[in-house]
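Trainee: sequence and predicted structure are below.
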Amino acid sequence: MMLAQRYPKAFDGIIAAAPALNIIPLLASLFHAQAVMNTLGEYPPNCEFEAIRTAAIAACDELDGVKDSIISIPELCSFDPFTVVGQPANCGNSSSNVISNATATVANATWYGVSDRRGKKIYPGYAFDAPLPATAGTDCQASDTCLTTAAWLLGAQFFQLFVEKNATFDWSAITAERLPDYMYAGQQQWDSIINTNDADLSDFKEAGGKLLTWHGIADDLIPSGGSTQYYDRVAALDADVDEYYRLFLAPGLHHCAGGPGPAPVNNALQQLVAWVENGTAPDTLPAVGTQPVNGTVLSRDLCPYPLVSVYQGGAATDASSYSCVDAESV
């Protein structure tokens, strides 16, 4: 995406999968759940977050007309995590057996998104069916079993090394209240170098470039709302955005792979080539996947945003059983 924004003549066509747009707020988003836990002084186990995610999926799964453990139309999904506080969490041998109020608080903040220092939301939250443990982290300051590859640690290390510039800085001091200040400081210092949020793609358009992007709705690393937010900003500047930039959302897909949803198959590059060389713009993006529970293979034609995929009848695992419609008509 930075190539399209800063070097518009470098490539005739670009594929960007789950792009890291608006990078500083994204890093704050990665750390957001940890900041909330730092404020609460409580660090719930991952099994509680998984229990809340399971409840959210159950509440919103069938909004697209089929029950498949996939939330295809998150715009229509409304779920209050506090309604399941006290319900079983299936934590095995853990001391936690129910969903706590702290877990609901963290999940709610994670789903909401990140706000600036004036309290205005500036970056979207994670989808209801995105795996929460990957974003929630743990009390790594006191745990010998901390997963250092957890997504939230990317945010922690950015504030530690690039904002505080101190490898021994205790990032547990970054609470939800202080997070906007750290995000603002990061923007001041690093936006000109690593930011990827310029919505003016007129130079790329004039150069004849084509930009094909796709993003898993249930992405557990980069919220798919970051892509839709950026696309909306580009569209606000240019009503003809579809002539050179198309975004496809993949229901149920995690970060580029994984999850119950389908991922674009290998012909995405061929579709980009056809768009660049022949002017044949992709109306859908074929995707395939495998249900993790029973191994059933499913296919789905991903819809160009802002259209959504809705079940029309037939085999729920077959792409021909779905059509792309306006979300407002569902």
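Mentor: Noted; the coordinates are in hand.
Trainee: every contact and neighbour count from this point should use C-alpha atoms.
Mentor: Will do.
Trainee: pull up the distance across stretch 172-187, start to finish.
Mentor: 21 Å (CA to CA, to the nearest Å).
Trainee: list the buried residues in it.
Mentor: S172, I174, T175, A176, L179, P180, Y182, M183, Y184, A185, G186, Q187 (16 or more other CA atoms under 10 Å).
Trainee: hang on, the fourth one packs against N38?
Mentor: Yes - taking contact to mean CA atoms under 8 Å, the distance of 7.5 Å between A176 and N38 places them in contact.
Trainee: quick check: pLDDT value at S94.
Mentor: Looking at S94, its pLDDT reads 58.
Trainee: show me the helices in the stretch 201-330 of the chain, by range?
Mentor: Ranges of helices in the stretch 201-330 of the chain, per DSSP state H, counting those that start in this stretch, are 202-206, 225-237, 268-278.
Trainee: any idea which of those gets closest to G155?
Mentor: Of all the helices of the stretch 201-330 of the chain, helix 225-237 sits nearest to G155, with 15.9 Å by CA to CA.
Trainee: avg pLDDT for the closest one?
Mentor: Helix 225-237 comes out at a mean pLDDT of 98.
Trainee: quick check: buried residues in it?
Mentor: G225, G226, S227, T228, Q229, Y230, Y231, V234, A235.
Trainee: who are the packing partners of it?
Mentor: Packing partners of helix 225-237 (3 or more CA pairs under 8 Å, 6 or more residues apart in numbering; DSSP states H and E): strand 121-124, strand 245-250.
Trainee: nearest to A151, of these?
Mentor: Nearest of these to A151, taken as CA to CA: strand 121-124 at 16.4 Å.
Trainee: just checking: what are the partner strands of that closest one?
Mentor: Take DSSP bridges as the rule and strand 121-124 pairs in its sheet with strand 113-115 (antiparallel).
Trainee: hang on, isn't D301 packed against P286?
Mentor: Yes - in this structure D301 lies within contact range of P286 using CA under 8 Å: 4.4 Å.
Trainee: if we can go back for a sec, turn the buried residues of stretch 172-187 into TSV, columns for secondary structure.
Mentor: Below are the buried residues of stretch 172-187 laid out as TSV (DSSP: H, G, I helix; E, B strand; the rest coil):
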residue	secondary structure
S172	helix
I174	coil
T175	coil
A176	coil
L179	helix
P180	helix
Y182	helix
M183	helix
Y184	helix
A185	helix
G186	helix
Q187	helix
